[in-house]
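[1] I would like to see how this sequence folds:
(one chain, ligands or ions: 1)
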Amino acid sequence: MLLLELDRASAVPLYRQIIDSIVQLVDGGTLSPGDRLPPSRVLARSTGVHRSSVTHAYEELWALGYLEARPGSYSTVRRRAQRRRAGQPATPAFDWATRVVPAAREALRAVTAHPRVRAAADDPGLIDLSRITPDAQLMPGDAVRRSLRLALREEGPRVLEYGDPAGHRPLRQSIAGRLRTHGVEVTTDEVVITSGAQQALDLLLRALTRPGDRIAVESPTYLTALPLFRLHGLEIVEVPMRSEGMDLEILERALSRPRPPALVYTIPSFQNPTGITSDQPHRERLLALCERHRVPIVEDGFEEEMKYFGKAVLPIKSMDRRGVVAYVGTLSKIVSPGLRIGWIAAPSPVVEAVTALQRFGSLCVSPLAQAAVHRLFASGAYEAHLRRVHKAFRPRMRALIDGLREHLPRRGVAWTEPAGGYTLLLHVNGTRLGEEELHQRLLTAGVRLSCGRPYYPRAPRRPCFRVSIACASPERIAEGCRRMGLVLRSAVED
Ligand SMILES: Cc1ncc(COP(=O)(O)O)c(C=O)c1O
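    Modelled structure (predicted):
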(Lines give C-alpha, C1' and ligand atoms only; values in the text may rest on other atoms or scores of the structure.)
Protein backbone atom coordinates (compact mmCIF):
# COMPACT_ATOMS: atom_id res chain seq x y z
CA MET A 1 0.00 0.00 0.00
CA LEU A 2 1.46 3.37 -1.08
CA LEU A 3 0.69 6.13 1.39
CA LEU A 4 0.95 9.59 -0.04
CA GLU A 5 0.26 12.74 1.94
CA LEU A 6 -1.44 15.23 -0.33
CA ASP A 7 -2.37 18.75 0.69
CA ARG A 8 -5.60 19.81 -0.97
CA ALA A 9 -5.26 23.38 0.34
CA SER A 10 -1.87 23.83 -1.38
CA ALA A 11 -1.45 25.84 -4.59
CA VAL A 12 0.70 22.97 -5.92
CA PRO A 13 -1.46 20.83 -8.25
CA LEU A 14 -2.26 17.33 -6.95
CA TYR A 15 -0.50 15.52 -9.85
CA ARG A 16 2.67 17.51 -9.04
CA GLN A 17 2.35 16.55 -5.35
CA ILE A 18 2.13 12.89 -6.37
CA ILE A 19 5.29 13.22 -8.45
CA ASP A 20 7.18 14.99 -5.65
CA SER A 21 6.10 12.41 -3.06
CA ILE A 22 7.15 9.44 -5.18
CA VAL A 23 10.47 11.10 -6.05
CA GLN A 24 11.10 11.59 -2.31
CA LEU A 25 10.23 7.97 -1.55
CA VAL A 26 12.60 6.72 -4.27
CA ASP A 27 15.46 9.13 -3.51
CA GLY A 28 15.06 8.48 0.22
CA GLY A 29 15.24 4.71 -0.27
CA THR A 30 11.69 3.90 0.95
CA LEU A 31 10.91 2.59 -2.52
CA SER A 32 13.61 0.40 -4.07
CA PRO A 33 14.29 -0.54 -7.70
CA GLY A 34 11.83 -3.18 -8.83
CA ASP A 35 9.11 -2.21 -6.29
CA ARG A 36 5.68 -2.13 -7.86
CA LEU A 37 3.50 0.92 -7.82
CA PRO A 38 -0.26 0.52 -7.50
CA PRO A 39 -2.21 0.72 -10.75
CA SER A 40 -3.37 4.28 -11.44
CA ARG A 41 -7.01 3.24 -10.83
CA VAL A 42 -6.10 1.98 -7.33
CA LEU A 43 -3.98 4.99 -6.41
CA ALA A 44 -6.71 7.31 -7.66
CA ARG A 45 -9.22 5.61 -5.42
CA SER A 46 -6.99 5.54 -2.31
CA THR A 47 -6.00 9.21 -2.61
CA GLY A 48 -9.30 10.54 -3.89
CA VAL A 49 -7.52 12.14 -6.86
CA HIS A 50 -8.92 11.96 -10.38
CA ARG A 51 -7.43 9.05 -12.31
CA SER A 52 -6.21 11.26 -15.14
CA SER A 53 -4.06 13.21 -12.63
CA VAL A 54 -2.45 9.97 -11.43
CA THR A 55 -1.83 8.87 -15.03
CA HIS A 56 -0.30 12.27 -15.78
CA ALA A 57 1.98 11.95 -12.71
CA TYR A 58 3.10 8.43 -13.70
CA GLU A 59 3.85 9.60 -17.24
CA GLU A 60 6.06 12.36 -15.94
CA LEU A 61 7.82 9.96 -13.56
CA TRP A 62 8.54 7.69 -16.55
CA ALA A 63 9.90 10.65 -18.45
CA LEU A 64 12.09 11.55 -15.48
CA GLY A 65 13.41 7.99 -15.39
CA TYR A 66 11.93 7.10 -12.00
CA LEU A 67 9.52 4.45 -13.25
CA GLU A 68 9.40 1.85 -15.93
CA ALA A 69 6.38 0.07 -17.24
CA ARG A 70 6.06 -3.09 -19.19
CA PRO A 71 3.10 -3.19 -21.59
CA GLY A 72 -0.02 -4.41 -19.82
CA SER A 73 1.83 -4.65 -16.52
CA TYR A 74 2.51 -2.64 -13.36
CA SER A 75 4.71 0.36 -13.16
CA THR A 76 7.86 -0.42 -11.20
CA VAL A 77 10.64 1.72 -9.71
CA ARG A 78 13.48 1.87 -12.18
CA ARG A 79 17.08 1.02 -11.34
CA ARG A 80 18.83 4.29 -12.06
CA ALA A 81 22.21 5.90 -11.55
CA GLN A 82 22.41 7.85 -8.31
CA ARG A 83 21.77 11.51 -8.89
CA ARG A 84 24.37 13.87 -7.62
CA ARG A 85 22.93 16.14 -4.97
CA ALA A 86 23.82 19.82 -4.77
CA GLY A 87 26.97 20.35 -2.75
CA GLN A 88 27.92 16.67 -2.87
CA PRO A 89 31.60 16.37 -3.90
CA ALA A 90 32.14 14.23 -6.99
CA THR A 91 35.17 12.05 -7.60
CA PRO A 92 36.07 12.77 -11.23
CA ALA A 93 36.47 9.77 -13.51
CA PHE A 94 39.26 11.58 -15.32
CA ASP A 95 40.89 14.99 -15.38
CA TRP A 96 39.14 17.22 -17.96
CA ALA A 97 42.15 19.53 -18.01
CA THR A 98 44.24 16.75 -19.60
CA ARG A 99 41.60 16.41 -22.36
CA VAL A 100 41.96 20.07 -23.37
CA VAL A 101 43.95 20.14 -26.62
CA PRO A 102 47.23 22.11 -26.84
CA ALA A 103 45.73 24.94 -28.94
CA ALA A 104 42.98 25.52 -26.37
CA ARG A 105 45.54 25.34 -23.56
CA GLU A 106 47.56 28.01 -25.38
CA ALA A 107 44.42 30.18 -25.56
CA LEU A 108 43.84 29.66 -21.85
CA ARG A 109 47.44 30.65 -21.14
CA ALA A 110 46.96 33.82 -23.21
CA VAL A 111 43.84 34.72 -21.23
CA THR A 112 45.50 34.20 -17.87
CA ALA A 113 48.68 35.98 -18.93
CA HIS A 114 46.73 39.09 -19.90
CA PRO A 115 43.64 39.25 -17.72
CA ARG A 116 41.01 41.60 -19.02
CA VAL A 117 41.46 45.06 -17.61
CA ARG A 118 38.52 45.64 -15.33
CA ALA A 119 36.57 48.86 -15.65
CA ALA A 120 37.73 51.46 -13.18
CA ALA A 121 34.14 52.23 -12.21
CA ASP A 122 34.87 51.30 -8.61
CA ASP A 123 37.53 54.01 -8.37
CA PRO A 124 36.17 57.26 -9.82
CA GLY A 125 39.49 58.98 -9.14
CA LEU A 126 41.34 56.72 -11.56
CA ILE A 127 41.40 57.94 -15.16
CA ASP A 128 41.04 54.90 -17.39
CA LEU A 129 42.78 55.39 -20.74
CA SER A 130 43.27 51.68 -21.33
CA ARG A 131 40.04 50.47 -22.93
CA ILE A 132 38.89 50.62 -26.54
CA THR A 133 35.31 49.60 -25.95
CA PRO A 134 33.25 52.53 -27.17
CA ASP A 135 31.84 54.80 -24.50
CA ALA A 136 28.50 53.25 -23.43
CA GLN A 137 27.14 56.79 -22.94
CA LEU A 138 27.55 57.38 -26.67
CA MET A 139 25.95 54.19 -27.95
CA PRO A 140 22.74 54.91 -29.86
CA GLY A 141 20.34 53.02 -27.58
CA ASP A 142 17.18 54.75 -28.83
CA ALA A 143 17.99 54.27 -32.50
CA VAL A 144 18.84 50.57 -31.91
CA ARG A 145 15.56 50.11 -30.01
CA ARG A 146 13.59 51.71 -32.86
CA SER A 147 15.39 49.60 -35.44
CA LEU A 148 14.73 46.39 -33.53
CA ARG A 149 11.05 47.25 -33.28
CA LEU A 150 10.87 48.09 -36.99
CA ALA A 151 12.70 44.91 -37.94
CA LEU A 152 10.22 42.80 -36.00
CA ARG A 153 7.24 44.70 -37.33
CA GLU A 154 8.31 44.74 -40.97
CA GLU A 155 9.94 41.33 -41.30
CA GLY A 156 7.77 39.44 -38.80
CA PRO A 157 8.73 36.12 -37.26
CA ARG A 158 11.19 35.46 -40.09
CA VAL A 159 13.87 37.33 -38.14
CA LEU A 160 13.37 34.91 -35.25
CA GLU A 161 14.21 31.93 -37.43
CA TYR A 162 17.63 30.75 -38.60
CA GLY A 163 18.98 33.09 -41.21
CA ASP A 164 21.12 32.86 -44.32
CA PRO A 165 24.68 31.90 -43.24
CA ALA A 166 26.01 34.54 -45.66
CA GLY A 167 23.97 37.16 -43.84
CA HIS A 168 20.73 39.12 -44.14
CA ARG A 169 20.68 40.13 -47.79
CA PRO A 170 19.45 43.72 -47.32
CA LEU A 171 22.20 44.28 -44.74
CA ARG A 172 24.81 42.87 -47.12
CA GLN A 173 23.47 45.35 -49.67
CA SER A 174 23.71 48.19 -47.15
CA ILE A 175 27.31 47.25 -46.31
CA ALA A 176 28.25 47.06 -50.00
CA GLY A 177 26.72 50.55 -50.38
CA ARG A 178 28.61 51.88 -47.35
CA LEU A 179 31.89 50.45 -48.70
CA ARG A 180 31.25 52.25 -51.98
CA THR A 181 31.50 55.57 -50.10
CA HIS A 182 35.09 54.51 -49.31
CA GLY A 183 35.83 53.70 -52.94
CA VAL A 184 35.42 49.94 -52.46
CA GLU A 185 33.41 48.49 -55.35
CA VAL A 186 31.98 45.14 -54.28
CA THR A 187 28.71 43.43 -55.10
CA THR A 188 26.27 42.19 -52.47
CA ASP A 189 27.44 38.64 -53.20
CA GLU A 190 30.98 39.62 -52.28
CA VAL A 191 29.94 40.59 -48.74
CA VAL A 192 29.37 38.12 -45.92
CA ILE A 193 28.15 39.09 -42.46
CA THR A 194 30.06 37.79 -39.44
CA SER A 195 29.79 37.98 -35.69
CA GLY A 196 32.15 40.95 -35.41
CA ALA A 197 35.56 41.44 -36.97
CA GLN A 198 36.99 38.84 -34.62
CA GLN A 199 34.89 36.07 -36.15
CA ALA A 200 35.69 37.45 -39.59
CA LEU A 201 39.41 36.95 -38.87
CA ASP A 202 38.82 33.47 -37.47
CA LEU A 203 36.78 32.41 -40.53
CA LEU A 204 39.36 33.82 -42.93
CA LEU A 205 42.13 31.94 -41.17
CA ARG A 206 40.10 28.75 -41.28
CA ALA A 207 39.40 29.21 -44.95
CA LEU A 208 42.86 30.32 -46.06
CA THR A 209 45.53 28.81 -43.80
CA ARG A 210 46.84 25.45 -42.68
CA PRO A 211 48.65 24.72 -39.38
CA GLY A 212 52.34 25.44 -39.88
CA ASP A 213 51.73 28.24 -42.39
CA ARG A 214 53.28 31.65 -41.83
CA ILE A 215 51.40 34.90 -41.42
CA ALA A 216 53.06 38.31 -41.76
CA VAL A 217 51.81 40.79 -39.17
CA GLU A 218 52.60 44.31 -38.12
CA SER A 219 54.53 44.46 -34.86
CA PRO A 220 52.92 45.65 -32.64
CA THR A 221 49.43 44.61 -33.67
CA TYR A 222 45.91 43.92 -32.35
CA LEU A 223 46.61 41.84 -29.28
CA THR A 224 43.68 39.43 -29.56
CA ALA A 225 44.73 38.54 -33.10
CA LEU A 226 48.03 37.09 -31.91
CA PRO A 227 46.61 34.22 -29.80
CA LEU A 228 44.09 33.61 -32.59
CA PHE A 229 46.92 33.16 -35.12
CA ARG A 230 48.65 30.77 -32.71
CA LEU A 231 45.40 28.90 -32.17
CA HIS A 232 45.41 28.23 -35.91
CA GLY A 233 48.94 26.87 -35.65
CA LEU A 234 50.41 29.76 -37.64
CA GLU A 235 53.99 30.93 -37.41
CA ILE A 236 54.04 34.67 -36.92
CA VAL A 237 56.42 36.69 -39.09
CA GLU A 238 56.94 40.10 -37.48
CA VAL A 239 57.02 43.16 -39.69
CA PRO A 240 57.92 46.22 -37.60
CA MET A 241 55.59 49.21 -37.66
CA ARG A 242 57.27 52.45 -38.75
CA SER A 243 55.72 55.88 -38.47
CA GLU A 244 54.36 55.48 -42.03
CA GLY A 245 53.01 51.92 -41.67
CA MET A 246 54.47 48.42 -41.81
CA ASP A 247 58.11 48.20 -42.94
CA LEU A 248 57.75 47.22 -46.59
CA GLU A 249 61.38 46.26 -47.08
CA ILE A 250 61.15 43.70 -44.32
CA LEU A 251 57.82 42.51 -45.68
CA GLU A 252 59.35 42.10 -49.13
CA ARG A 253 62.14 40.00 -47.67
CA ALA A 254 59.56 37.81 -45.92
CA LEU A 255 57.55 37.45 -49.13
CA SER A 256 60.67 36.49 -51.10
CA ARG A 257 61.64 33.63 -48.78
CA PRO A 258 61.26 30.05 -50.07
CA ARG A 259 58.29 29.55 -47.71
CA PRO A 260 56.44 32.85 -47.96
CA PRO A 261 53.57 33.78 -45.62
CA ALA A 262 50.12 32.47 -46.54
CA LEU A 263 48.64 35.87 -45.59
CA VAL A 264 49.59 39.42 -44.71
CA TYR A 265 47.49 40.89 -41.89
CA THR A 266 47.38 44.67 -41.75
CA ILE A 267 45.40 47.41 -40.00
CA PRO A 268 46.20 50.36 -42.26
CA SER A 269 43.91 52.95 -40.61
CA PHE A 270 44.25 54.02 -36.97
CA GLN A 271 46.22 50.89 -36.31
CA ASN A 272 45.62 49.20 -32.98
CA PRO A 273 47.65 49.99 -30.90
CA THR A 274 49.85 52.65 -32.58
CA GLY A 275 47.06 54.77 -34.13
CA ILE A 276 49.19 55.06 -37.28
CA THR A 277 47.45 55.48 -40.67
CA SER A 278 49.56 54.60 -43.68
CA ASP A 279 49.35 56.98 -46.63
CA GLN A 280 48.09 56.20 -50.12
CA PRO A 281 51.52 55.52 -51.71
CA HIS A 282 52.41 53.14 -48.89
CA ARG A 283 49.13 51.28 -49.48
CA GLU A 284 49.78 51.11 -53.20
CA ARG A 285 53.26 49.70 -52.62
CA LEU A 286 51.96 47.12 -50.14
CA LEU A 287 49.26 46.02 -52.57
CA ALA A 288 51.70 45.84 -55.49
CA LEU A 289 54.11 43.74 -53.41
CA CYS A 290 51.42 41.24 -52.44
CA GLU A 291 50.09 41.12 -55.99
CA ARG A 292 53.56 40.39 -57.30
CA HIS A 293 54.17 37.64 -54.74
CA ARG A 294 50.55 36.39 -54.99
CA VAL A 295 50.02 36.57 -51.24
CA PRO A 296 46.54 37.61 -50.04
CA ILE A 297 46.09 40.60 -47.76
CA VAL A 298 43.65 40.63 -44.85
CA GLU A 299 42.86 44.30 -44.37
CA ASP A 300 41.34 45.00 -40.95
CA GLY A 301 39.30 48.20 -41.31
CA PHE A 302 37.92 48.07 -37.75
CA GLU A 303 37.83 51.88 -37.34
CA GLU A 304 37.53 52.84 -41.00
CA GLU A 305 35.02 55.64 -40.44
CA MET A 306 36.65 57.22 -37.39
CA LYS A 307 38.64 59.92 -39.13
CA TYR A 308 38.72 63.23 -37.22
CA PHE A 309 41.43 65.30 -38.89
CA GLY A 310 42.88 65.71 -42.39
CA LYS A 311 42.16 64.09 -45.72
CA ALA A 312 40.52 60.68 -46.04
CA VAL A 313 42.77 57.81 -47.10
CA LEU A 314 41.03 55.08 -49.06
CA PRO A 315 41.19 51.44 -47.97
CA ILE A 316 43.66 49.15 -49.74
CA LYS A 317 40.60 47.22 -50.92
CA SER A 318 39.53 50.26 -52.96
CA MET A 319 42.58 49.75 -55.23
CA ASP A 320 42.26 45.98 -55.39
CA ARG A 321 41.70 45.45 -59.11
CA ARG A 322 43.19 41.95 -59.07
CA GLY A 323 41.30 40.53 -56.08
CA VAL A 324 44.14 40.22 -53.58
CA VAL A 325 42.42 41.74 -50.54
CA ALA A 326 39.92 40.30 -48.05
CA TYR A 327 38.54 43.32 -46.24
CA VAL A 328 37.17 43.09 -42.68
CA GLY A 329 34.83 45.64 -41.09
CA THR A 330 32.79 45.95 -37.92
CA LEU A 331 30.20 48.10 -36.18
CA SER A 332 31.81 47.45 -32.81
CA LYS A 333 33.77 50.66 -32.46
CA ILE A 334 31.12 53.04 -33.76
CA VAL A 335 27.75 51.64 -32.82
CA SER A 336 28.08 48.80 -30.31
CA PRO A 337 30.25 45.72 -29.84
CA GLY A 338 27.29 43.89 -28.25
CA LEU A 339 25.41 43.74 -31.54
CA ARG A 340 28.24 41.55 -32.89
CA ILE A 341 27.93 42.70 -36.48
CA GLY A 342 31.00 42.55 -38.69
CA TRP A 343 31.65 41.65 -42.30
CA ILE A 344 34.10 40.42 -44.89
CA ALA A 345 34.23 41.88 -48.39
CA ALA A 346 36.24 39.56 -50.58
CA PRO A 347 36.31 37.75 -53.93
CA SER A 348 33.49 35.21 -54.32
CA PRO A 349 35.53 32.01 -53.68
CA VAL A 350 36.49 33.43 -50.26
CA VAL A 351 32.92 34.49 -49.49
CA GLU A 352 31.62 31.06 -50.50
CA ALA A 353 34.17 29.20 -48.33
CA VAL A 354 33.56 31.48 -45.36
CA THR A 355 29.78 31.08 -45.75
CA ALA A 356 30.14 27.29 -45.74
CA LEU A 357 32.28 27.47 -42.59
CA GLN A 358 29.76 29.80 -40.99
CA ARG A 359 26.96 27.37 -41.80
CA PHE A 360 28.68 24.56 -39.90
CA GLY A 361 30.30 26.71 -37.22
CA SER A 362 27.58 28.95 -35.83
CA LEU A 363 24.80 28.42 -38.44
CA CYS A 364 24.29 32.17 -38.88
CA VAL A 365 24.65 35.57 -37.24
CA SER A 366 21.51 36.72 -35.38
CA PRO A 367 18.95 37.61 -38.11
CA LEU A 368 17.21 40.01 -35.72
CA ALA A 369 20.40 41.96 -35.01
CA GLN A 370 21.20 42.05 -38.74
CA ALA A 371 17.71 43.21 -39.73
CA ALA A 372 17.89 45.95 -37.10
CA VAL A 373 21.33 47.12 -38.24
CA HIS A 374 20.11 47.24 -41.83
CA ARG A 375 17.42 49.68 -40.63
CA LEU A 376 20.05 51.76 -38.85
CA PHE A 377 21.69 52.25 -42.24
CA ALA A 378 18.48 52.62 -44.25
CA SER A 379 16.88 55.19 -41.92
CA GLY A 380 19.90 57.49 -41.83
CA ALA A 381 20.32 56.84 -38.07
CA TYR A 382 23.79 55.42 -38.66
CA GLU A 383 24.97 58.55 -40.51
CA ALA A 384 23.54 60.79 -37.78
CA HIS A 385 25.23 58.69 -35.11
CA LEU A 386 28.53 58.77 -36.97
CA ARG A 387 28.42 62.59 -36.93
CA ARG A 388 27.83 62.48 -33.15
CA VAL A 389 30.75 60.06 -32.74
CA HIS A 390 33.05 62.40 -34.66
CA LYS A 391 31.84 65.37 -32.66
CA ALA A 392 32.54 63.53 -29.40
CA PHE A 393 35.91 62.02 -30.29
CA ARG A 394 37.55 64.86 -32.21
CA PRO A 395 37.96 66.99 -29.05
CA ARG A 396 39.08 63.92 -27.11
CA MET A 397 41.86 63.18 -29.59
CA ARG A 398 42.76 66.89 -29.64
CA ALA A 399 42.94 66.87 -25.81
CA LEU A 400 45.23 63.83 -25.91
CA ILE A 401 47.59 65.23 -28.51
CA ASP A 402 47.75 68.65 -26.80
CA GLY A 403 48.09 67.08 -23.35
CA LEU A 404 50.96 64.83 -24.40
CA ARG A 405 52.75 67.74 -26.08
CA GLU A 406 52.34 69.86 -22.99
CA HIS A 407 53.19 67.38 -20.25
CA LEU A 408 55.41 64.60 -21.60
CA PRO A 409 59.17 64.89 -21.83
CA ARG A 410 60.12 65.10 -25.52
CA ARG A 411 63.41 63.42 -24.82
CA GLY A 412 62.89 59.79 -23.90
CA VAL A 413 59.21 59.43 -24.83
CA ALA A 414 57.99 59.06 -28.44
CA TRP A 415 54.60 58.70 -30.08
CA THR A 416 52.87 59.45 -33.36
CA GLU A 417 49.80 61.64 -33.58
CA PRO A 418 46.75 59.85 -35.01
CA ALA A 419 44.25 61.45 -37.35
CA GLY A 420 41.41 59.36 -35.93
CA GLY A 421 40.48 56.21 -34.05
CA TYR A 422 40.93 55.71 -30.35
CA THR A 423 44.56 54.97 -29.64
CA LEU A 424 48.22 55.83 -29.83
CA LEU A 425 51.33 54.12 -28.46
CA LEU A 426 53.80 55.80 -26.12
CA HIS A 427 57.35 54.46 -26.36
CA VAL A 428 59.33 55.18 -23.21
CA ASN A 429 62.90 54.93 -24.40
CA GLY A 430 64.87 56.91 -21.87
CA THR A 431 64.35 54.86 -18.70
CA ARG A 432 65.87 51.94 -16.88
CA LEU A 433 62.49 51.03 -15.39
CA GLY A 434 60.52 48.07 -16.66
CA GLU A 435 57.00 48.23 -18.07
CA GLU A 436 55.40 46.64 -14.99
CA GLU A 437 57.06 49.09 -12.63
CA LEU A 438 56.05 52.06 -14.79
CA HIS A 439 52.51 50.76 -15.09
CA GLN A 440 52.32 50.53 -11.31
CA ARG A 441 53.63 54.07 -10.91
CA LEU A 442 51.06 55.34 -13.41
CA LEU A 443 48.27 53.58 -11.51
CA THR A 444 49.49 55.11 -8.26
CA ALA A 445 49.40 58.51 -9.94
CA GLY A 446 45.77 57.81 -10.92
CA VAL A 447 45.93 56.94 -14.62
CA ARG A 448 45.50 53.55 -16.24
CA LEU A 449 47.13 52.78 -19.60
CA SER A 450 47.36 49.48 -21.41
CA CYS A 451 50.78 47.74 -21.18
CA GLY A 452 52.42 47.45 -24.59
CA ARG A 453 54.03 44.03 -24.25
CA PRO A 454 50.98 41.90 -25.28
CA TYR A 455 50.71 43.77 -28.60
CA TYR A 456 54.07 42.41 -29.73
CA PRO A 457 54.72 38.89 -30.94
CA ARG A 458 58.09 39.14 -29.14
CA ALA A 459 58.76 41.36 -26.12
CA PRO A 460 59.99 44.82 -27.14
CA ARG A 461 63.21 46.09 -25.58
CA ARG A 462 61.66 49.23 -24.08
CA PRO A 463 58.43 49.82 -22.19
CA CYS A 464 55.48 51.15 -24.12
CA PHE A 465 51.85 51.88 -23.35
CA ARG A 466 48.71 52.19 -25.42
CA VAL A 467 46.66 55.27 -24.59
CA SER A 468 42.98 55.32 -25.53
CA ILE A 469 40.42 58.10 -25.65
CA ALA A 470 37.46 55.72 -25.90
CA CYS A 471 36.04 56.13 -22.42
CA ALA A 472 37.17 59.50 -21.02
CA SER A 473 36.07 63.11 -21.51
CA PRO A 474 38.50 65.72 -22.91
CA GLU A 475 38.95 67.13 -19.38
CA ARG A 476 39.79 63.71 -17.91
CA ILE A 477 42.14 63.00 -20.83
CA ALA A 478 43.95 66.32 -20.19
CA GLU A 479 44.27 65.49 -16.50
CA GLY A 480 45.43 61.97 -17.41
CA CYS A 481 48.21 63.50 -19.54
CA ARG A 482 49.29 65.69 -16.61
CA ARG A 483 49.52 62.60 -14.39
CA MET A 484 51.42 60.68 -17.10
CA GLY A 485 53.78 63.64 -17.34
CA LEU A 486 54.57 63.51 -13.60
CA VAL A 487 55.43 59.81 -13.75
CA LEU A 488 57.26 59.73 -17.07
CA ARG A 489 59.34 62.87 -16.43
CA SER A 490 60.67 61.40 -13.23
CA ALA A 491 61.11 57.95 -14.86
CA VAL A 492 63.10 59.38 -17.72
CA GLU A 493 65.25 61.36 -15.28
CA ASP A 494 65.64 58.34 -12.92
C1 LIG B 1 42.07 45.81 -34.81
C2 LIG B 1 40.86 45.10 -34.33
N3 LIG B 1 40.29 44.20 -35.14
C4 LIG B 1 39.21 43.52 -34.74
C5 LIG B 1 38.63 43.72 -33.51
C6 LIG B 1 37.44 42.89 -33.11
O7 LIG B 1 36.28 43.62 -33.16
P8 LIG B 1 34.83 42.99 -33.09
O9 LIG B 1 34.23 43.50 -31.82
O10 LIG B 1 34.13 43.50 -34.29
O11 LIG B 1 34.95 41.52 -33.11
C12 LIG B 1 39.19 44.65 -32.64
C13 LIG B 1 38.61 44.89 -31.31
O14 LIG B 1 39.07 45.67 -30.53
C15 LIG B 1 40.33 45.36 -33.06
O16 LIG B 1 40.92 46.25 -32.27
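[2] Contact residues of the stretch 251-400 of the chain facing the ligand?
    Of all the residues in the stretch 251-400 of the chain, those in contact range of the ligand (CB under 6 Å from any ligand atom) are 267, 272, 300, 302, 330, 332, 337, 342. Where you see a C-beta, it was placed from the backbone N, CA and C, and this is true even at glycine.
[3] In the chain, which residue is most central in space?
    With distances taken as CA atoms, centre = their mean, residue 198 lies nearest the centre of the chain, 5.7 Å away.
[4] Nearest residue to it in space, please, no chain neighbours.
    residue 224 (6.7 Å; CB to CB, 6 or more residues apart in numbering).
[5] residue ranges with poor pLDDT in the stretch 51-200 of the chain?
    For the stretch 51-200 of the chain, the stretches with pLDDT under 70 are 71, 81-86, 113-122.
[6] So the host helix or strand of the residue nearest to the centre of the chain, near the ligand or not?
    Secondary-structure element containing residue 198, defined by DSSP states H and E: helix 196-208. Yes. Helix 196-208 comes into contact with the ligand when judged by CB under 6 Å from any ligand atom, the residues involved being 196, 197, 198.
[7] Need the residues you listed in TSV (columns: distance to residue 439).
    Converted to TSV, the residues of helix 196-208 next to the ligand look like this (distance: CB to CB, whole Å):
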residue	distance to residue 439
196	28
197	27
198	26
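[8] Residue 265 looks like it's in a strand, true?
    Yes. Using DSSP: H, G, I helix; E, B strand; the rest coil, the assignment for residue 265 is a strand.
[9] Looks like it contacts residue 214 (just checking).
    No. Under the criterion of CB atoms under 8 Å, residue 265 makes no contact with residue 214, lying 11.1 Å away.
[10] Just give the number of residues close to the closest residue to the ligand within the stretch 1-150 of the chain.
    Scanning the stretch 1-150 of the chain for proximity to the ligand using CB to the nearest ligand atom identifies residue 132 as nearest, at 5.4 Å. For residue 132, the number of neighbouring residues by other CB atoms under 10 Å comes to 21.
[11] got a list of what it touches?
    Shown in contact with residue 132 (CB atoms under 8 Å, 6 or more residues apart in numbering): 272, 333, 422, 423, 468, 470.
[12] and what of residue 141?
    In this structure, residue 141 makes contact with no residue, judged by CB under 8 Å, 6+ apart.
[13] gap between the residue lying closest to residue 166 once chain neighbours are set aside and residue 163?
    Leaving aside its chain neighbours, residue 166 sits nearest to residue 355 (4.4 Å; criterion: CB to CB, 6+ apart). The gap separating residue 355 from residue 163 is 12 Å, by CB to CB, to the nearest Å.
[14] Which one of those two is surrounded by more residues?
    Here residue 355 and residue 163 are compared on neighbour count by other CB under 10 Å; more neighbours surround residue 163, at 22 against 19.
[15] Please give the centre-to-centre distance between the stretch of helix or strand residue 488 belongs to and its chain.
    Residue 488 is part of helix 474-493, with elements assigned from DSSP H and E. The gap between where helix 474-493 is centred and where its chain is centred comes out at 31 Å by CA atoms, centre = their mean, to the nearest Å.
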